[in-house]
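**Student:** with the input below, show me the fold.
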Amino acid sequence: MSIKFGTSGWRAVFAEDFTFENVRKLTHVISAHVKESLEFGFNSPDYGQAASSMSSLAPLVVVGYDSRFLSEEFARETAEVFAINGVRVFLADAESPTPAVAWAVLAHKAVGGVVITASHNPAKYNGYKWTPFWGGPATPAVTEDIERRLALLGHHAIRSMNYEKAIRDGWIVRVDLRKPFFKQIGGLLDLKKIKSSKLKIGVDALNGAARGYLRPFLEGLGLKVEGNREGRDVLFGGRSSEPTPEALAPLAALMKAKKLDLGLSCDGDADRFGIMDAGGVWISANDVLALTLYHLVENRGMSGAVARSIMTSHFVDAVAKAHGLRVRETPVGFKYIGDLLRGGGFLLGGEESGGLSIAGHVPEKDGILACLLMLELVAFERKPLSKIREQLFKKYGEFHNVRLNFHLDGPTLSRDLSDRLKVKPPTILAGSSVWRIDESDGFKFVLKDGRWLGMRFSGTEPVVRLYAEAGDAKSLAVLVDEGKKIIAGKK
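**Tutor:** Below you'll find the predicted structure:
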């Protein structure tokens, strides 16, 4: 059995490792993990503070699922195993985004939540996200304990409670997650400003869980919304469910044809976002983070520190510095950012892969919230996002960046590249001295003039990601060239 948690839960290929048997085993050990953590939680840094606030009833878990093949069936099986282990379950009555499950965990004071999803991975994958009581990704300490319990479990058959019995006896309760999530999201936004904007919006659900959330929320505000790819397609049209510029080409075409003001999209479980400006112009996640911070500070009068992952643009740093705000850099994975958000003092947390959340919300990526914040920004300033970005570039300097994926054939090539970078890292890149090398998560080579090149091995796919940032497109291209040579072993 191969169940290992990556940057965002466990993901595996259908019928290889992602099977009903493995999902049952994982749920069984999480049941034990939760009950023991609560029983002895006063000595636990993660569950100790929750133990005294939990109900005297059996512990409660929220279970949701995305639109992938068999996700609802896996969610139901998960609920049945929790039930026989003495854990009550609120089971979503429809497809549910990860942030909606995270909010339900907080709202119901549950001990945790499960989302059956592989997020943006291709259709042949599914996955299992465990969200502890704080409503954000599980920390390494939690996932390590779960993995240890799995290793000790062996090949024991896992029982589950009959679904009808579990429903009848109250162990499983079907619940609507959408209504309370809409209320929470609405409380974070200036709905009056958004309603009065009369903006025309394009929404591309990419056949994912956002199809029941993003467009309905906007239409509830009286906005004109054009939808795309809102049906269920377990193959996602033969692509991954990640909102990239290429994947959103149909949305760009729709925006041009209908003369829409803004295009919004989310990945399969709606924890990542994709934003398009008027005319179908792509706005990168890195730019969205900087624009969001600018908006929250300038238009909403908010303040607080900023958390971003190591491979995220320094654009948000420039905005933060101009407003006297501190920036904290973390390893890749929203679990590290979420840990800071739930501790307080942080206004915004985000990463270049399309994850974002803010103070007062769940310490988990929320693509729906990110989309709505961009809508709110345009409603406040009454100008396209690209125009606002130009203004920020004039104030703080330009930030051009890129992320490229290179597939590696097996672990040998990954180890070879990693060994080369450790033993003989580049000291000069694109004609400049490497000022600093950061190996806290992958390799980040920062040059004296502020440009940087990064390489990191994916925790969920057999790829190495190349990141680069510079002040202009030409300098960026030179850096990317250098990175490609390093990966190919030519430098």
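**Student:** so how far is stretch 167-186 off the chain centroid?
**Tutor:** 22 Å (Cα atoms, centre = their mean, to the nearest Å).
**Student:** and it, what's its mean pLDDT?
**Tutor:** Summarised as a single mean, pLDDT over stretch 167-186 is 97.
**Student:** outside of that stretch, which residues touch it?
**Tutor:** 62, 64, 79-80, 82-83, 88-94, 96-97, 99-101, 103-104, 107, 161, 163, 166, 212-213, 216-217, 220, 361, 368-369, 372 (Cβ atoms under 8 Å, 6 or more residues apart in numbering). Heads up, the C-betas are built off the backbone N, CA and C, glycines and all.
**Student:** now it: buried residues?
**Tutor:** The neighbour-count check on stretch 167-186 (16 or more other Cβ atoms under 10 Å) flags 167, 171-172, 175, 177-178, 180-182, 184-185 as buried.
**Student:** repeat that for stretch 65-84.
**Tutor:** Within stretch 65-84, the residues that count as buried by 16+ other Cβ under 10 Å are 65-68, 70-72, 74-84.
**Student:** restrict that stretch to CA atoms and write it as PDB.
**Tutor:** Taking C-alpha atoms only, stretch 65-84 is exported to PDB below (Å, rounded to 0.1, in the frame of the first residue of the first chain):
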ATOM      1  CA  TYR A  65     -16.300  15.500  -2.900                       C
ATOM      2  CA  ASP A  66     -15.600  17.000  -6.400                       C
ATOM      3  CA  SER A  67     -17.000  16.100  -9.800                       C
ATOM      4  CA  ARG A  68     -14.500  13.400 -10.700                       C
ATOM      5  CA  PHE A  69     -15.300   9.800 -11.600                       C
ATOM      6  CA  LEU A  70     -16.800   8.000  -8.600                       C
ATOM      7  CA  SER A  71     -16.000  10.800  -6.200                       C
ATOM      8  CA  GLU A  72     -19.500  10.700  -4.600                       C
ATOM      9  CA  GLU A  73     -19.200   6.900  -4.100                       C
ATOM     10  CA  PHE A  74     -15.800   7.300  -2.500                       C
ATOM     11  CA  ALA A  75     -17.200  10.000  -0.200                       C
ATOM     12  CA  ARG A  76     -20.100   7.800   0.800                       C
ATOM     13  CA  GLU A  77     -17.600   4.900   1.600                       C
ATOM     14  CA  THR A  78     -15.500   7.300   3.600                       C
ATOM     15  CA  ALA A  79     -18.600   8.400   5.600                       C
ATOM     16  CA  GLU A  80     -19.600   4.700   6.300                       C
ATOM     17  CA  VAL A  81     -16.100   3.900   7.700                       C
ATOM     18  CA  PHE A  82     -16.100   6.900   9.900                       C
ATOM     19  CA  ALA A  83     -19.600   5.900  11.200                       C
ATOM     20  CA  ILE A  84     -18.600   2.400  12.200                       C
END
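**Student:** pull out the buried members of the contacts of stretch 167-186.
**Tutor:** 62, 64, 79-80, 82-83, 88-92, 96-97, 99-101, 103-104, 107, 161, 163, 166, 212-213, 217, 361, 368-369, 372.
**Student:** tell me where the stretch 201-350 of the chain has strands.
**Tutor:** In the stretch 201-350 of the chain, strands defined by DSSP state E, counting those that start in this stretch lie at 224-228, 262-266, 273-277, 281-283, 305-309, 327-330, 346-351, listed in chain order.
**Student:** rebuild those strands as JSON lines, extending it with mean pLDDT and distance to Glu482.
**Tutor:** Output for these, formatted as JSON lines (pLDDT from 0 to 100; distance: least, Cβ to Cβ, whole Å):
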{"stretch": "strand 224-228", "mean pLDDT": "96", "distance to Glu482": "38"}
{"stretch": "strand 262-266", "mean pLDDT": "98", "distance to Glu482": "32"}
{"stretch": "strand 273-277", "mean pLDDT": "98", "distance to Glu482": "29"}
{"stretch": "strand 281-283", "mean pLDDT": "97", "distance to Glu482": "25"}
{"stretch": "strand 305-309", "mean pLDDT": "98", "distance to Glu482": "22"}
{"stretch": "strand 327-330", "mean pLDDT": "97", "distance to Glu482": "22"}
{"stretch": "strand 346-351", "mean pLDDT": "98", "distance to Glu482": "24"}
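**Student:** deepest in the core, which of these is it.
**Tutor:** strand 262-266 (a mean of 29; mean count of other Cβ atoms under 10 Å).
**Student:** who's in contact with it?
**Tutor:** 97, 199-206, 208-210, 214, 243, 248, 251-252, 254-255, 272-278, 280, 367-368, 371, 374-375, 378, 385.
**Student:** could you redo the last one with a cut-off of 6 Å?
**Tutor:** Contacts of strand 262-266 from elsewhere in the structure, counted by Cβ atoms under 6 Å, 6 or more residues apart in numbering, are 201-204, 210, 243, 248, 251, 255, 273-274, 276, 367, 371, 375, 378.
**Student:** most neighbours, which of these?
**Tutor:** Within the contacts of strand 262-266, most neighbours by other Cβ atoms under 10 Å means Ala210, with 35 neighbours.
**Student:** contact partners for that one?
**Tutor:** Going by Cβ under 6 Å, 6+ apart, Ala210 touches 266, 270.
**Student:** I'd say Val297 and Ala322 touch.
**Tutor:** No: counting by Cβ atoms under 6 Å, Val297 does not reach Ala322; the two are 9.1 Å apart.
**Student:** what about the two, which has more around it?
**Tutor:** The neighbour count for Val297 versus Ala322, taken as other Cβ under 10 Å, is higher for Val297 (20 against 14).
**Student:** how about the contacts made by the more buried one?
**Tutor:** By Cβ under 6 Å, 6+ apart, Val297 lies in contact with His323.
**Student:** per-residue confidence at it?
**Tutor:** Looking at Val297, its pLDDT is 98.
**Student:** how about Leu206?
**Tutor:** 96.
**Student:** ok, now which ones touch it?
**Tutor:** Counting by Cβ under 6 Å, 6+ apart, Leu206 makes contact with 229, 241.
**Student:** make 35 the starting number, not 1.
**Tutor:** All set: I'll call the first residue 35, so the last point we hit is now Leu240.
**Student:** and the gap between it and Ala144?
**Tutor:** Going from Leu240 to Ala144 by Cβ to Cβ, to the nearest Å gives 28 Å.
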